[in-house]
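**Q** Pasting the sequence and the predicted coordinates here, then a few questions.
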Amino acid sequence: MDINFNKNEDHNKLLVSDLTKRFAKVKLGGGQKRIDKQHAKGKMSARERVDYLLDSKAKSIEIGAFAGEDMYAEHGGCPSGGVIVKIGYVKGKQCIVVANDATVKAGAWFPITGKKNLRAQEISIENRLPIIYLVDSAGVYLPMQDEIFPDKEHFGRIFRNNAIMSSMGITQISAIMGSCVAGGAYLPIMSDEALIVDKTGSIFLAGSYLVKAAIGESIDNETLGGATTHCEISGVTDYKSKDDKDALDTIKRIMDKIGDYDKAGFNRVKAIKPIENQEDIYGILPKSRADQYDMYEIIKRLVDNSEFDEYKAGYGKTIITAYARIDGWAVGIVANQRKLVKNAKGEMQFGGVIYNDSADKSTRFIANCNQKKIPLVFLQDVTGFMVGSKSEHGGIIKDGAKMVNAVSNSVVPKFTIILGNSYGAGNYAMCGKAYDPRLIVAWPSAELAVMSGNSAAKVLLQIEKASLEKKGEKITPEKEAELFNKIKDRYDNQVSPYYAAARIWTDAVINPLDTRTWISMGIEAADHAPIEKKFNLGVLQV
């Protein structure tokens, strides 16, 4: 191996090590002391509940583990958004599990908590995937109620989705394993079946203190809304469980009896591991986001048997389009080539840039995959569309619009992996979050922004300099360098994959070696939802 390979390998393994450390920290939720308090009450932690429920020897993937990271510091933080979301298997049936983490502000809902819960329901709706709620929440976090309560993407949308999902025939099961108050009380009761844990679970629109204040009635919470009340008097809940494990075992038995689902019918054969060593990815992917590399070498380490059939190999070379298999599933890959290439006219084209011909090729390929019912996988390392008079005169806006149109109107499931750069309109054309990928994840090497830190800092520096000079301040070379570094540091923090993951612009930051698992489980989830729409590009400027 050459020296650059070794340097890249060391750098990327350090990024993965940092990912592991960050994940270990968020797994503790509100901290070990609060987990111990849960145990003292006879309750399992949110992660323990999810892990006990899911089939132990089956794979699972976690959505939004870094949601809320470095947000709400003035409120004590909100690790993982105060809720655990995993896609896994219960009695062999794929489903999504949502569990409130009561160690984080008693499971209260921050704005990011609402966004993460809505993302979980979106995944369930898109894929017709059964969803299980493990409820243990104090309700809306009152100091931030104006950011979580009234809007379309806020708390109330959860219950609207409950109703829509029920009408769609999507299985919803809820277990009340702790507090469930006020508006939150509607979630489990709008599910198909609701369980409640005796003595630790409670559900009511208003707790005993509020009841006393509102109507003067004195009553304890257990009598007001405990398991005995709702299983034997009100009939609100369907199953009374003696403890957390009993409730989770009941859910397992319910799931075990659910019938099979109608399938979309995506093509799958027996999986074959890549022939090329997957760990070579660490050495191939450069340390610097500006450096060039060969995306073909990455693809060979992601696809079955390291083989693929390339579509229009000699045309539009800055984007690779190819048919392949990942874990047995047939896929269509759209990937940014990151090395300099030469077009048919002998002109050099920059890697990572979308040119007229590569946009045209991608549009045709996406249409073909929709025609053949083949899921799409986007491998993003894109700096944007080509600019300049030659591209503009050639109609780059028109060709780019065609590609965006094809991505937007695609009816087959799309999956997006951000390997490196994800800048500007390139993010859109390569199926960024705004274009409804079923799952979108980033490697630790990813950067998401309107433009790179260097470019943005230069633009922002000119604006800052002009503002200061207008006020009569003299800008020395030293002052200019100080301003540039300050602006770049701030911007670089915002392009981090963790900044994006904290805001759920991506579903996860993952080890590159887990990419095949994410794509495979994503397509399996998508196979629960038969395609009902026809692919139609609408009006195009030909």
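**A** Cool, the structure landed. Residues are numbered from 1 along each chain as shown.
**Q** Run through the residues that contact residue 437.
**A** 378, 414-416, 431 (C-beta atoms under 8 Å, 6 or more residues apart in numbering). Yep, even glycine has a C-beta here, placed from its N, CA and C like the rest.
**Q** next one: residue 454
**A** Taking C-beta under 8 Å, 6+ apart, we find residue 454 in contact with residue 488.
**Q** What of residue 138?
**A** By C-beta under 8 Å, 6+ apart, residue 138 lies in contact with 102, 105-108, 179, 181.
**Q** thinking again about what came up before, which of the contacts of residue 437 ranks first by neighbour count?
**A** residue 416 (27 neighbours; other C-beta atoms under 10 Å).
**Q** Model confidence for that residue, exactly?
**A** At residue 416, the model reports a pLDDT of 98.
**Q** Equivalent analysis for residue 14, please.
**A** As summarised for this prediction, residue 14 has a pLDDT of 98.
**Q** Distance of it relative to residue 154?
**A** From residue 14 across to residue 154, the span is 39 Å (C-beta to C-beta, to the nearest Å).
**Q** now residue 120
**A** 15 Å.
**Q** between those two, which one's more packed in?
**A** Here residue 120 and residue 154 are compared on neighbour count by other C-beta under 10 Å; more neighbours surround residue 120, at 25 against 19.
**Q** Need the CA coordinates for the helix or strand containing the more buried one. PDB is fine.
**A** In the assignment (DSSP states H and E), residue 120 maps to helix 111-127. Presented in PDB, the C-alpha positions along helix 111-127 are these (Å, rounded to 0.1, in the frame of the first residue of the first chain):
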ATOM      1  CA  PRO A 111     -38.700  20.300  19.600                       C
ATOM      2  CA  ILE A 112     -36.200  17.700  18.300                       C
ATOM      3  CA  THR A 113     -38.100  14.900  20.100                       C
ATOM      4  CA  GLY A 114     -41.200  15.800  18.100                       C
ATOM      5  CA  LYS A 115     -39.200  15.900  14.900                       C
ATOM      6  CA  LYS A 116     -37.600  12.500  15.600                       C
ATOM      7  CA  ASN A 117     -41.000  10.900  16.500                       C
ATOM      8  CA  LEU A 118     -42.500  12.300  13.300                       C
ATOM      9  CA  ARG A 119     -39.500  10.900  11.300                       C
ATOM     10  CA  ALA A 120     -40.200   7.400  12.900                       C
ATOM     11  CA  GLN A 121     -43.800   7.600  11.800                       C
ATOM     12  CA  GLU A 122     -42.800   8.800   8.300                       C
ATOM     13  CA  ILE A 123     -40.600   5.700   7.900                       C
ATOM     14  CA  SER A 124     -43.500   3.600   9.100                       C
ATOM     15  CA  ILE A 125     -46.000   5.200   6.700                       C
ATOM     16  CA  GLU A 126     -43.700   5.200   3.600                       C
ATOM     17  CA  ASN A 127     -42.800   1.500   4.200                       C
END
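**Q** Can you name every helix or strand that that helix contacts?
**A** Where contact means 3 or more C-beta pairs under 8 Å, 6 or more residues apart in numbering; DSSP states H and E, helix 111-127 is packed against strand 61-63, strand 83-90, strand 93-100, strand 131-137, helix 156-167, helix 515-526.
**Q** Run the chain-centre distance for the third one.
**A** On the basis of C-alpha atoms, centre = their mean, to the nearest Å, strand 93-100 is displaced by 15 Å from the centre of the chain it belongs to.
**Q** Quickly run through the sheet partners of that strand, with directions.
**A** Strand pairing for strand 93-100, using DSSP bridges, gives strand 83-90 (antiparallel), strand 131-137 (parallel).
**Q** The first one too?
**A** Sheet pairing of strand 61-63 (DSSP bridges) gives strand 83-90 (antiparallel).
**Q** Report how many residues lie close to the residue nearest to residue 16 when sequence neighbours are not counted.
**A** Nearest residue to residue 16, sequence neighbours excluded (C-beta to C-beta, 6 or more residues apart in numbering): residue 511, at 5.3 Å. By other C-beta under 10 Å, the residues close to residue 511 number 17.
**Q** so who does the closest residue to residue 535 other than its chain neighbours touch?
**A** Spatially, and ignoring its direct neighbours in sequence, residue 535 is nearest to residue 370 (3.8 Å; C-beta to C-beta, 6+ apart). Each residue near residue 370 by C-beta under 8 Å, 6+ apart is listed here: 410-412, 535.
**Q** Save these as JSON lines, and put in secondary structure too.
**A** Converted to JSON lines, those look like this (DSSP: H, G, I helix; E, B strand; the rest coil):
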{"residue": "410", "secondary structure": "coil"}
{"residue": "411", "secondary structure": "coil"}
{"residue": "412", "secondary structure": "coil"}
{"residue": "535", "secondary structure": "coil"}
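**Q** which among those residues gets closest to residue 225?
**A** Residue 225 has its nearest neighbour among those in residue 411, at 44.7 Å by C-beta to C-beta.
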